[in-house]
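K.L.:
Could you work out the structure for the sequence below:
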Amino acid sequence: TGFDRTVANGLMYGLSTGLRLKNLRLGARWRVYDTTEFALWTFALSAGYGLPLRPISPILSVHVGYVFDQEMQAGLFRKSLPTGVILPPDVDVKGLLAGVDINAAYWVSRAVRIGAFIGADLMVLHRSQAAVPRSLFGVPAEIASLPLYTESGSSVGVNFNAGIRGAFDIAFK
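P.N.:
As a prediction, this is how the structure comes out:
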C-alpha cells in the first residue's frame, strides 16, 4: 500500500445478530478494528457450528465480508508527507475479509453465554492513488513522485484476535 508503518495494535469490538438452529449458526456481523494507526470497519456474513456440550460449548465460526477504512492516521505515511503539510491526504483503503474463530462459551443461564475466543482474519486490501497534499512550503518533486501519490497499491493483512464474547439468545418455539 506504500505505507511506512505495517503493524498496529488496538482493540476490536462489534455487534452481530443471527439465527441459531440447534447447533448451526448463521448471521451477520459488524466489527471495528480500532488501532493506534487506523480504524477499519467490516461487515461480514458468518456461519458456525457449536457442539451441544454444557456448561462450556465450543463454537467454530467462519466469516466473509467487506472491509473499509473509517480513519487512517498520518503516522502510516509520515515519510510521504511534505514539510508544512496543511491537511494530510485522504487515503482510502477497502477490500475483502475472510476469517475463522473458535469460542468457548460458558452458559451463565439458558439465554446468556460468555466466553473467550481466538481467531484470525485475512484482509486483501486496495488503496487508490492519493492526491498530493498542499504544504505551506510547497511540495518537493521527490515527495510528489512517491508511490502514495503516483500509483494505487494493494496488500494482504492478517489480524490475530483474542477476547471475550458475550451472547444473548431469544428463543421462539
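K.L.:
Every contact and neighbour count from this point should use C-alpha atoms.
P.N.:
OK.
K.L.:
Next, give phi and psi for the closest residue in space to residue 168 that isn't next to it in sequence.
P.N.:
Among residues not flanking residue 168 along the chain, residue 112 sits closest, at 4.7 Å (Cα to Cα, 6 or more residues apart in numbering). In terms of degrees, to the nearest 10, the main-chain angles of residue 112 are phi -120, psi 130.
K.L.:
Now do the contacts for the residue most central in space within the chain.
P.N.:
In the chain, the centroid-proximal residue (Cα atoms, centre = their mean) is residue 33; its distance is 4.3 Å. Applying Cα atoms under 8 Å, 6 or more residues apart in numbering to residue 33 gives the contacts 10, 11, 12, 13, 39, 40, 41.
K.L.:
Now for the last one: which residues touch it?
P.N.:
Applying Cα under 8 Å, 6+ apart, one finds that residue 41 lies in contact with 30, 31, 32, 33, 67, 68, 69, 70.
K.L.:
redo that, cut-off 6 Å
P.N.:
31, 32, 67, 68 (Cα atoms under 6 Å, 6 or more residues apart in numbering).
K.L.:
in the chain, which spans are helices?
P.N.:
Ranges of helices in the chain, per DSSP state H, are 141-144, 147-150.
K.L.:
quick revisit: export the contacts of residue 33 to CSV and append columns for distance to residue 54 and pLDDT.
P.N.:
Formatted as CSV, the contacts of residue 33 follow (distance: Cα to Cα, whole Å; pLDDT from 0 to 100):
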residue, distance to residue 54, pLDDT
10, 32, 89
11, 30, 91
12, 27, 89
13, 26, 93
39, 37, 91
40, 35, 92
41, 34, 96
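K.L.:
So how do I select the buried members of the residues you listed in ChimeraX?
P.N.:
The buried subset of those, as determined by 16 or more other Cα atoms under 10 Å, is captured in ChimeraX by this line:
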select :12,39,40,41
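K.L.:
from the contacts of residue 33, which is closest to residue 87?
P.N.:
Nearest to residue 87, judged by Cα to Cα, of the contacts of residue 33 is residue 39 at 18.5 Å.
K.L.:
who does the closest one bridge with?
P.N.:
Using DSSP bridges, the bridge partners assigned to residue 39 are residue 34, residue 71.
K.L.:
surely it meets residue 68?
P.N.:
No - Residue 39 is beyond contact range of residue 68, at 8.8 Å (criterion: Cα atoms under 6 Å).
K.L.:
picking that back up, could I get the helices of the chain in JSON lines, plus columns for mean neighbour count?
P.N.:
Below are these laid out as JSON lines (neighbours: other Cα atoms under 10 Å):
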{"stretch": "helix 141-144", "mean neighbour count": "13"}
{"stretch": "helix 147-150", "mean neighbour count": "18"}
